[in-house]
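J.: sequence first, then the predicted structure, then my questions.
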Amino acid sequence: MFKKYYEKLFKQIAVDYNCTPEDFKKGEIIITKSEWNDGRRSYSPDMPFLQLRKLWNSVRRRLRKSEMESGV
């Protein structure tokens with residue numbers, strides 16, 4: 001169940017940051033050019049990217065923990 005949402009989340013964030021879902025799985029720093037892609041969400045200028053990235057890492061850890069506990 002979580003895998004389905006995890007994949008959707010990767011796709012949306014990839015649209016937001018003009019990259020591919022596979023880029024997030026690499027675990028390395030990736031620099032992208034900002035583009036107004038169809039379906040892109042607009043974030044407040046008050047929330048810097050670094051905070052979003054830290055939030056994303058927290059979400060990933062929680063999803064992995066949930067997957068391990070549920071045996072997915």
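T.: The structure has been received and is ready for your questions.
J.: so what's Glu35 up against?
T.: Asn18 (C-beta atoms under 8 Å, 6 or more residues apart in numbering). No exception for glycine: its C-beta is placed from N, CA and C like everyone else's.
J.: ok, now how distant is it from Arg61?
T.: Distance, Glu35 to Arg61, by C-beta to C-beta, to the nearest Å: 29 Å.
J.: what do you get for Ser34?
T.: 27 Å.
J.: please apply the same query to Phe2.
T.: 13 Å.
J.: neighbour count: the two, which is higher?
T.: Neighbour count, other C-beta atoms under 10 Å: between Phe2 and Arg61, Phe2 has more, with 14 against 10.
J.: right, and that one touches Lys65 too?
T.: No: contact status for Phe2 versus Lys65: not in contact, 10.1 Å apart, counting by C-beta atoms under 8 Å.
J.: are there residues contacting both of these two? Which ones?
T.: With C-beta under 8 Å, 6+ apart, Phe2 and Lys65 have no common neighbours.
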